[in-house]
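> Build me a model from this:
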Amino acid sequence: MGQTVNCRALAYEILIDVARHGRSFNPQLVSKRYPSLDARNQAFTVHLCFGVLRFYFVLQSALNLLLDKPLKEKDKDLQLLLMIGLYQLFYTDIPHHASIHATVEACKRIAPFAKGLINGVLRNALRLDAKVKHCLDKSASHPAWLEKRWQHQWPQYWQTLLEANQQHPPFVLRVNQRKMNREDYLALLNKENIPANILEHAAMGIEIAEDVPIQRLPGFLEGLVSVQDGSAQLAATLLELTPKLRVLDACAAPGGKTAHMLELEPSLEVVALEKEAPRVHLLKSTLERLALPATVLCADASSPNDWWDQQLFDRILLDAPCSATGVIRRHPDIKLHRQESDLKQLTKLQADLLSQLWPLLKPGGILLYATCSTLAAENEEQISQFLATQQDAAVLPIEASWGITQAAGRQILPGQDGMDGFYYARLIKCA
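Numbering: from 1, shown residues only. The predicted model follows:
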């Protein structure tokens, strides 16, 4: 990369894109931007980005404590470099002197005039160690609007929910039952010295003790396993699939649920829709790796006249676009990007999808509505409103030991039974 690698400087550049320009963060962003970076430095850069995003709001509060006066508008981006420094000092076991030195060195590349400021603030943070830790412990870790909604909707659980979102998410696999059973794949992992355990509520789920590059997973390229959280693995089983059913996966990318359905019932006739062309590529790649057949269409599920062949479906999976407030621990940048005002547009889109897809379902057929949201407006309230307008729709109860029973459907909160936050409601069309 031309000069000695400074991962703090690289993380800063990525975080500028995410925090200031609204880009979503995922680990592939680092490898795509810095393709010549070795695996160790890539992993550390990813770690720094995830750490700052996960603790963004509390680190911001600590900075307010440490700065004598707000930074000038033209220097606002230096907050991110200070957050990188504070994250290392208070949330990692990196020696303090090394953290400060490397962060100041990063500043010399980014904004040399500010190296004294960076050095002074970080050293002052160590001198005020107790005050800073108290601030970090007591400050809000999520946007105020979101914490307020959770306190109202989940009075028993909201604090646990906040804590779960600050944790590193589990690394979960789904074994392809067409090719191998779960016990045999656990044995393969053990042979490779990869510690793992079964996931209680997902029949083919395995939780890996630590994140592992997919290249190290036995048989990944051959389709033995896929990466998929346990809560997402519940969708295919809730559809009550039987051979030769015609199934619509309405918002299918990246394809994990589509693939799982076909692993359970290879004779299904599956139509998988995705609105955005780049995500269609992800969907096709998933199906190709697993050698699974489906009709993949780049189309808008809310406009059936543009793509529907007039043949009714036995099952419809609507994994609806949502606030994604159930997967913040996996995608902490959601805390920066999601606004309360987004809910109006999202709930309208969800309602449109339900009303447009319902006529495509056969009498006696099942529509499974799913979100990775923890907000009632997108979940049970959305379904209750739909039921009030559709006389031929009824709730098909979900009898399960996971999640929390709602007036309609079941809600999994982040961290419950080791799973991501998810909501499911199962609807049947009355004959």
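
> As CSV, could you dump the C-alpha coordinates of stretch 279-290?
The C-alpha coordinates for stretch 279-290 follow below in CSV (Å, rounded to 0.1, in the frame of the first residue of the first chain):
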residue,chain,number,x,y,z
ARG,A,279,-28.9,-8.0,-4.9
VAL,A,280,-30.2,-10.2,-7.7
HIS,A,281,-26.6,-11.1,-8.4
LEU,A,282,-26.2,-12.1,-4.7
LEU,A,283,-29.3,-14.2,-4.8
LYS,A,284,-28.2,-16.0,-7.9
SER,A,285,-24.7,-16.6,-6.5
THR,A,286,-26.2,-18.2,-3.4
LEU,A,287,-28.4,-20.6,-5.4
GLU,A,288,-25.5,-21.4,-7.8
ARG,A,289,-23.1,-22.3,-4.9
LEU,A,290,-25.8,-24.6,-3.5
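
> And the average pLDDT for that stretch is what?
Mean per-residue pLDDT for stretch 279-290: 97.

> what's the offset of it from the middle of its chain?
18 Å (C-alpha atoms, centre = their mean, to the nearest Å).

> Adjust the sequence numbering to begin at 3 for everything that follows.
In the new numbering, first residue 3, that becomes stretch 281-292.

> In it, which residues are buried?
281-282, 285-286, 288-289, 292 (16 or more other C-beta atoms under 10 Å). Bear in mind the C-beta positions are built from the backbone N, C-alpha and C, glycine included.

> Same check on stretch 402-415?
Residues 404-405, 408, 410-415 are the ones in stretch 402-415 that count as buried (16+ other C-beta under 10 Å).

> end-to-end on that stretch?
By C-alpha to C-alpha, to the nearest Å, the extent of stretch 402-415 from end to end equals 15 Å.

> Averaged pLDDT, that stretch. What do you get?
Here the average pLDDT along stretch 402-415 is 96.

> Same question for stretch 363-377.
For stretch 363-377, the per-residue pLDDT averages 98.

> Surely K431 touches G367?
Yes - counting by C-beta atoms under 8 Å, G367 is a contact partner of K431 at 5.2 Å.

> and the buried residues of stretch 402-415 as CSV, adding distance to H203?
What follows is these, written out as CSV (distance: C-beta to C-beta, whole Å):
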residue, distance to H203
W404, 4
G405, 9
Q408, 17
A410, 20
G411, 16
R412, 11
Q413, 14
I414, 9
L415, 14
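
> got the buried residues of stretch 281-292 as CSV, with distance to Y426 and secondary structure columns?
Shown next, in CSV, are these (distance: C-beta to C-beta, whole Å; DSSP: H, G, I helix; E, B strand; the rest coil):
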residue, distance to Y426, secondary structure
R281, 22, helix
V282, 25, helix
L285, 21, helix
K286, 26, helix
T288, 21, helix
L289, 23, helix
L292, 23, coil
